[in-house]
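[1] Quick one, structure for this:
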Amino acid sequence: MYKLDRTAFSAGSHKELSDKNREHWKSQSMEERLRAAAYLNSVAWNYPLDTPPKMDRSVFSMRKHR
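    Next comes the predicted model:
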């Protein structure tokens, strides 16, 4: 489980921090990146990580292309 460390801070230029962040995520496996993305979505949309909301399929419609 991820936890936001609010005590961590690194001062630097935007380029330095951006490069450092990019290198960190490139070193992670694709599975780890997707886990982090799922966690951030659950925090942003306020739902439990283990039970994401179902997609409302009634919003979408399909029709045949001529």
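[2] what about this protein, any weak spots by pLDDT?
    The chain contains residues with pLDDT under 70 at 1-2, 9-10.
[3] Helices of that one, start to end?
    With DSSP state H, the ranges of helices along the chain come out as 14-26, 30-45.
[4] which one of those helices lies closest to residue 61?
    helix 30-45 (24.1 Å; CB to CB). For glycine as for every other residue, the C-beta is placed from the backbone atoms N, C-alpha and C.
[5] Deepest-packed of the helices of the chain, please.
    Among these, the stretch with the highest mean neighbour count (mean count of other CB atoms under 10 Å) is helix 30-45, at a mean of 12.
[6] Report the contact partners of residue 51.
    By CB atoms under 8 Å, 6 or more residues apart in numbering, residue 51 lies in contact with nothing.
[7] With only the CA atoms kept, save stretch 32-44 in PDB.
    This file holds the C-alpha atoms of stretch 32-44, laid out as PDB (Å, rounded to 0.1, in the frame of the first residue of the first chain):
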ATOM      1  CA  GLU A  32       4.200  -1.200 -10.100                       C
ATOM      2  CA  ARG A  33       3.400   1.900 -12.300                       C
ATOM      3  CA  LEU A  34      -0.200   0.600 -12.800                       C
ATOM      4  CA  ARG A  35      -0.600  -0.100  -9.100                       C
ATOM      5  CA  ALA A  36       0.500   3.500  -8.300                       C
ATOM      6  CA  ALA A  37      -2.000   4.800 -10.900                       C
ATOM      7  CA  ALA A  38      -4.800   2.800  -9.500                       C
ATOM      8  CA  TYR A  39      -4.000   4.000  -6.000                       C
ATOM      9  CA  LEU A  40      -3.900   7.700  -7.200                       C
ATOM     10  CA  ASN A  41      -7.300   7.200  -8.900                       C
ATOM     11  CA  SER A  42      -8.800   5.800  -5.800                       C
ATOM     12  CA  VAL A  43      -7.600   8.700  -3.800                       C
ATOM     13  CA  ALA A  44      -8.600  11.300  -6.300                       C
END
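[8] Brilliant, that's me finished.
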